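**Q** my questions concern the predicted model and sequence given below.
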Protein chains: 2
Amino acid sequence: MRAAVLREGVVEARVIDDPVPGPGQLLVRSLACGICASDIHFMDHLEAGVDDDSGMSTYDRDVDIVMGHEYCAEVVDYGPGTERRIAVGTRVSSLPVLSTSTGRRIVGQNPESPGGFGEYLLLDEAITRVAASELPSEIVCIADAISVGWSAASRAQVTAREVPLVIGCGAIALSAIAQLKRLGVGPILAVDFVASRRQTALAMGADVVIDPAEVSPYQAWRDVAYGPPEAMRQLMAVAGLPGCVVFECVGIPGVLDSIIKGCERGTRIFSVGGPPEGDHLHTLTAKRKGINIQFGGGPSMQHWDEAFEAVCSGSLDVTPMLGRTVGLDGVAEALDAARDANGPVRIVVVP
Amino acid sequence: MRAAVLREGVVEARVIDDPVPGPGQLLVRSLACGICASDIHFMDHLEAGVDDDSGMSTYDRDVDIVMGHEYCAEVVDYGPGTERRIAVGTRVSSLPVLSTSTGRRIVGQNPESPGGFGEYLLLDEAITRVAASELPSEIVCIADAISVGWSAASRAQVTAREVPLVIGCGAIALSAIAQLKRLGVGPILAVDFVASRRQTALAMGADVVIDPAEVSPYQAWRDVAYGPPEAMRQLMAVAGLPGCVVFECVGIPGVLDSIIKGCERGTRIFSVGGPPEGDHLHTLTAKRKGINIQFGGGPSMQHWDEAFEAVCSGSLDVTPMLGRTVGLDGVAEALDAARDANGPVRIVVVP
């Protein structure tokens, strides 16, 4: 097949062997696949894959790897021991995890689990879902990106006594915002340096957007959550001050620590970004403030299904996130372009 | 008064001005005061106090600071605006936080809130508690150290479907173990390099102790929590595998990160140690494992009161933790000795 192949740190479109479905696996044709920041994290931080002991992502500079884990695909063939419950030609997607004989692998981060930046990839039949949708594949493929923030926003269980603050307005942040809105939580505050991203955040459901170059997000949060001094005194007297729930959706070193330093006592942080090089945290400050950090963990199957259904049915409109599409020959350039935070939230590869 | 005074990084017993109680404050005489690892953290890491923006601990090398925050004291005099509900001569203690006109201060970590390594200190009348106890002051003063681990163990709400793993067997770890035991949780696994500390952990309620020089604490945890392969298969089929709750009670850089790398997916970590220099964490691994970290936050008033009552009444026997006592002239040497993890859990200063 033709694929945009990562090898020795360089992505190049060329012909490689077709993947062969193993037990329980489907062979599918990639129709559209979003470029995610974690693709860039992966290719830029070989050491993170080596250093991570989960074994789900095993980078080797000297083998061909096809990235891309936000895909819409159609069924082509079946591996041994499959139920064949989904007909050939059906449009599908899945949580990007493939069960293999040697363990679970993230799709697009291992030689044995190629991703959607090639003509063909392998899916785990047990978790493959049919795309019941009239929408183009370029829209359907964004569902996976949606599921991450959707799951975080669901698991956070933000109460009516808490005010959420979303740091970053990339795909994960936008989906967290969309799901917080659907859950009726608010006001929702969202933070990004880039004006176009803040506009997209408003389109996805944010109530207040903040440019951190102009005002501290934590002061802005206090202004909204506590109000002016008189309102704050009334809050304290009647029901106590609202709690702060921060969604870290940036994934650049220093951001999580800046949240620890800036946030209120007792803040709950959902860290969904998670920089691959790790982060140095002021644990003493975290300790004094009694901060709780819930690290990502990926979407649950239930949340992935919910997000996929919302995107497929059109009840969640993700068109504000969609940028241009590129072919396999454009992947290397598009990956570079995706490093630019001023660009669209999603560039989609159509192999 | 005479006091062991920290100045320019050196502790020396000498005469300084008596503290003067401000509004709402009591003047009390220190009867006994435990030496805590956080005293050593504080004097060794000036930058941590400066860098921490909570304002509760403001180190200045060029002023006199009297450390010591685990005290039993007797009431001597009252500041303006006090209720005077506790008679002069009564033995008391308190959560080591002093309200001042410029904010809350940790006792023993600011010039305006001297600690128990001197003849006199100041307490906040509103949170001062009477020591209803026949026990010597050297025992009563250990209650504050108990309250930290007690509160963490209470707040962790470990369920019958979880198995706790306590990393470190210092004062905080031992009190966490004692409270986990009282809450009926178990089996309780405890880890320390030092044999005498492991013995004390058994005395305080640990069920299994682990020398990490001999076996990985996480493998030991799996052996206990999951059992042999056949038992593990049965667990998975019937009720699912037990969850892991790790109590980090060490406070040395690298320990929290080693827990992230070693622990099971979905582990809940209570970080009570919190090294003053912070820690570098593998956030990608934390994210993939969906780890939750609850940072200390100090004991709640309710948990402090519970721990104080348990120690005062003798229902919690803390004598296994008690080492020798020293006078003010011995504080500098005793602080050095307390750096040695092979020493007793608590050396107590009797001014």
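**A** Yep, that arrived. Numbers count the residues shown, from 1 in each chain, chains lettered A, B, ... in the order given.

**Q** use CA for all of it now, contacts and neighbours both
**A** OK.

**Q** where in chain A is pLDDT low?
**A** The model of chain A has pLDDT under 70 over residues A:46-55, A:59.

**Q** near chain B, which residues of it show up?
**A** Taking CA under 8 Å from any CA of the partner chain as the contact definition, chain A meets chain B at A:48, A:52-54, A:261, A:266, A:271-272, A:274-298.

**Q** just the buried ones from those residues, in PyMOL syntax?
**A** The buried subset of these, as determined by 16 or more other CA atoms under 10 Å in any protein chain shown, is captured in PyMOL by this line:
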select buried, chain A and resi 48+52+54+261+266+271+272+274+275+276+277+278+279+280+281+282+283+284+285+286+287+288+289+290+291+292+293+294+295+296+297+298
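
**Q** inside strands: which ones of the residues of chain A next to chain B?
**A** A:Ser271, A:Asp279, A:His280, A:Leu281, A:Asn292, A:Ile293, A:Gln294, A:Phe295 (DSSP state E).

**Q** which residues touch the last one?
**A** In this case it means A:Phe295. Contacts here follow CA atoms under 8 Å, 6 or more residues apart in numbering or on different chains; on that basis A:Phe295 touches A:Phe270, A:Ser271, A:Val272, A:Gly274, B:Thr283, B:Ala286, B:Lys287, B:Arg288, B:Lys289, B:Gly290, B:Ile291, B:Asn292.

**Q** closest one of those residues to B:Ser30?
**A** When these are compared for distance to B:Ser30 (CA to CA), B:Asn292 wins out at 39.6 Å.

**Q** got the contact list for A:Asp144?
**A** Under the criterion of CA under 8 Å, 6+ apart, the contact partners of A:Asp144 comprise A:His69, A:Glu70, A:Tyr71, A:Ser94, A:Leu95, A:Trp304, A:Ala307, A:Phe308.

**Q** correction: the previous question concerned A:Leu165.
**A** So A:Leu165 contacts A:Ile188, A:Leu189, A:Ala190, A:Val191, A:Trp221, A:Cys244, A:Val245, A:Val246, A:Phe247 (CA under 8 Å, 6+ apart).

**Q** out of these, which two sit at the greatest distance?
**A** Across the contacts of A:Leu165, the longest distance by CA to CA is 14.5 Å; it joins A:Val191 and A:Cys244.

**Q** so which of these two has more stuff around it?
**A** Between A:Val191 and A:Cys244, counted using other CA atoms under 10 Å in any protein chain shown, the more crowded position is A:Val191 (26 against 23).

**Q** my guess is A:Cys312 contacts A:Pro136. True?
**A** No - under the criterion of CA atoms under 8 Å, A:Cys312 makes no contact with A:Pro136, lying 9.4 Å away.

**Q** looking at these two, which one has more neighbours?
**A** Neighbours per residue, other CA under 10 Å: of A:Cys312 and A:Pro136, the larger number sits with A:Cys312, 24 against 12.

**Q** give the helix, strand or coil label for the residue nearest to that one when sequence neighbours are not counted.
**A** Across the structure, with CA to CA, 6 or more residues apart in numbering or on different chains as the measure, the residue nearest A:Cys312 apart from its sequence neighbours is A:Ser133 (4.8 Å). Secondary structure for A:Ser133, judged by DSSP: H, G, I helix; E, B strand; the rest coil, is coil.

**Q** let me see the contact set for A:Ser133.
**A** With contacts taken as CA under 8 Å, 6+ apart, A:Ser133 has the following neighbours: A:Val140, A:Cys312, A:Ser313, A:Gly314.

**Q** buried only: go through those for me.
**A** For those, a burial check counting by 16+ other CA under 10 Å picks out A:Val140, A:Cys312, A:Ser313, A:Gly314.

**Q** out of these, which are inside strands?
**A** Members of those lying in strands (criterion: DSSP E): none.
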